[in-house]
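In: A predicted structure for the sequence below; I have some questions about it.
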Amino acid sequence: REWNLDSFEIGQGLGQGLFGHVYMVRTKCKPKYILALKCMYKSEIIDHCVEKQVRREIEIQQNLRHPNILRLYGYFHDEKRIFLMLEFAGQGELYRQLTKEGSFSEKRSSRYIDQMADALGYLHSKHVIHRDIKPENLLLDINGQLKIADFGWSVHAPGNRRTTICGTLDYLPPEMVLKKPHSEKVDHWTLGVLTYEFLCGLPPFENPKSQLDTKKRIAAVDFQIPSYVSCDAQDLIYKLLRYEPEKRLALSDVSQHRWIVKYRRNDAKQRL
Ligand SMILES: O=C(Cc1cc(-c2ccc3c(-c4nc5ccccc5[nH]4)n[nH]c3c2)n[nH]1)Nc1cccc(F)c1
């Protein structure tokens, strides 16, 4: 069926950034779907020479189906703009909650990492890597389920972006900082950075005053884990933040790690 702007009632703005504004919208005809409509100007995409990436991103995202990856239902365009029909995530940006709460509990962090490992395993099975996963690119649906939304193209209300437009180094593995070839193992490293950040409120190699120092610390895998972090969580972080990509814990082993299983098992118990 043909979608166009007239198919929707436009609601509140959800965020904006480099290439576009995102609005909460509802389909006019029944069944009334709520979704996030992203509007990007063709002129801006052309000015930034990212036309190919946008096409590729649309192509990739349309074929992804996973409970922890934000859906791209479809897209349409008029003479000036491209519109993306994206899944609406009812609890918004995970990053806002992390900033507001400071850090997450071990149980909450463990569940998010479990969901991310599952989503990354799925992406790697489709040979999709480096999804630029950082808290700014993670959304939460109405049930608190994590959704990876690849904001490679931007999308953040001004002010809540923690870093400059050029993006942050905090999540890059040594091989990318040292401009060496990289594999899907970059995502394993990032998972370790995120585990640390959910529990401690800050990424392990951050130095807000010096990007150079952050690079040095990443290349030297120079980080300390605060003692309030449980031994199980520390064990997982040490097994992901390894200099050698092939030594990083496999995603299937992350899902079976005791720090992940112990909270998931409680779920099962509750269901019984
Ligand atoms: O740009 C994105 C990713 C993306 C996702 C979003 C986005 C932003 C916000 C939301 C939200 C949302 N829900 C909220 C609830 C409360 C407060 C804020 C909220 N934002 N739901 N779904 C979203 C989706 N913007 N951009 N994808 C993409 C895909 C293909 C081609 C391309 F160029 C880009």
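Out: That came through fine.

In: Can you classify P31 as helix, strand or coil?
Out: coil (DSSP: H, G, I helix; E, B strand; the rest coil).

In: And for H21?
Out: Taken by three-state DSSP, the conformation at H21 corresponds to strand.

In: just checking, it touches K38?
Out: Yes - look at H21 against K38 with C-beta atoms under 8 Å: they come within range, at 7.4 Å. For every residue, glycine as well, the C-beta is placed using N, CA and C.

In: Between those two, tell me which one has more neighbours.
Out: More neighbours surround K38 than the other of H21 and K38, with 27 against 17 (other C-beta atoms under 10 Å).

In: Spit out the contact partners of the residue of the stretch 51-200 of the chain found nearest the ligand.
Out: Closest to the ligand within the stretch 51-200 of the chain is G92: 3.0 Å, counting by C-beta to the nearest ligand atom. Taking C-beta atoms under 8 Å, 6 or more residues apart in numbering, we find G92 in contact with 14, 139-140.

In: before we move on, what about H66?
Out: With C-beta under 8 Å, 6+ apart, H66 has these contacts: 118-119, 122-123.

In: mind running it again at 10 Å?
Out: Shown in contact with H66 (C-beta atoms under 10 Å, 6 or more residues apart in numbering): 115, 118-123, 125-126, 147-148.

In: Taking the residues you listed together, which two end up most distant?
Out: Every pair in the contacts of H66 was compared (C-beta to C-beta); the two farthest apart turn out to be S125 and K147, at 18.3 Å.

In: which of these two has more neighbours?
Out: Shown here are S125 and K147; by other C-beta under 10 Å, K147 has more neighbours (23 against 11).

In: Can you name the residues bridging to the more buried one?
Out: L139 (DSSP bridges).

In: Dump the contacts of H66 to TSV, plus pLDDT, secondary structure and distance to the ligand.
Out: Shown next, in TSV, are those (pLDDT from 0 to 100; DSSP: H, G, I helix; E, B strand; the rest coil; distance: C-beta to the nearest ligand atom, whole Å):
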residue	pLDDT	secondary structure	distance to the ligand
Q115	97	helix	16
D118	96	helix	20
A119	95	helix	14
L120	94	helix	17
G121	94	helix	21
Y122	94	helix	17
L123	91	helix	14
S125	92	helix	20
K126	89	coil	15
K147	97	strand	8
I148	94	strand	10
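
In: Going by neighbour count, which of these are buried?
Out: 115, 118-123, 147-148 (16 or more other C-beta atoms under 10 Å).

In: Next to the ligand in this structure, residues from the stretch 1-150 of the chain, please.
Out: Counting by C-beta under 6 Å from any ligand atom, the stretch 1-150 of the chain comes close to the ligand at 14-15, 22, 36, 38, 54, 57-58, 61, 70, 72, 84, 86-89, 92, 139, 149-150.

In: Which ChimeraX command selects the buried ones in those?
Out: The following ChimeraX line selects those of these that are buried, judged by 16+ other C-beta under 10 Å:
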select :14,15,22,36,38,54,57,61,70,72,84,86,87,88,89,139,149,150
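
In: Restricted to helices, list the residues of the stretch 1-150 of the chain next to the ligand.
Out: 54, 57-58, 61 (DSSP state H).

In: how distant is stretch 120-136 from the center of its chain?
Out: 8 Å (C-alpha atoms, centre = their mean, to the nearest Å).

In: Span of it from start to end?
Out: 17 Å (C-alpha to C-alpha, to the nearest Å).

In: What is the end-to-end distance of stretch 85-102?
Out: Stretch 85-102: ends 32 Å apart by C-alpha to C-alpha.

In: That stretch: how far from the chain's middle?
Out: The answer for stretch 85-102 is 11 Å, by C-alpha atoms, centre = their mean.

In: Just the buried residues of that stretch, please?
Out: 85-89, 91, 93-98.

In: Show the pLDDT at Q53.
Out: What the model reports as pLDDT for Q53 is 86.

In: same deal with Y196?
Out: Confidence for Y196, expressed as pLDDT, is 98.

In: L94 reaches L70, doesn't it?
Out: No - with contact defined as C-beta atoms under 10 Å, L94 does not reach L70; the gap is 11.8 Å.
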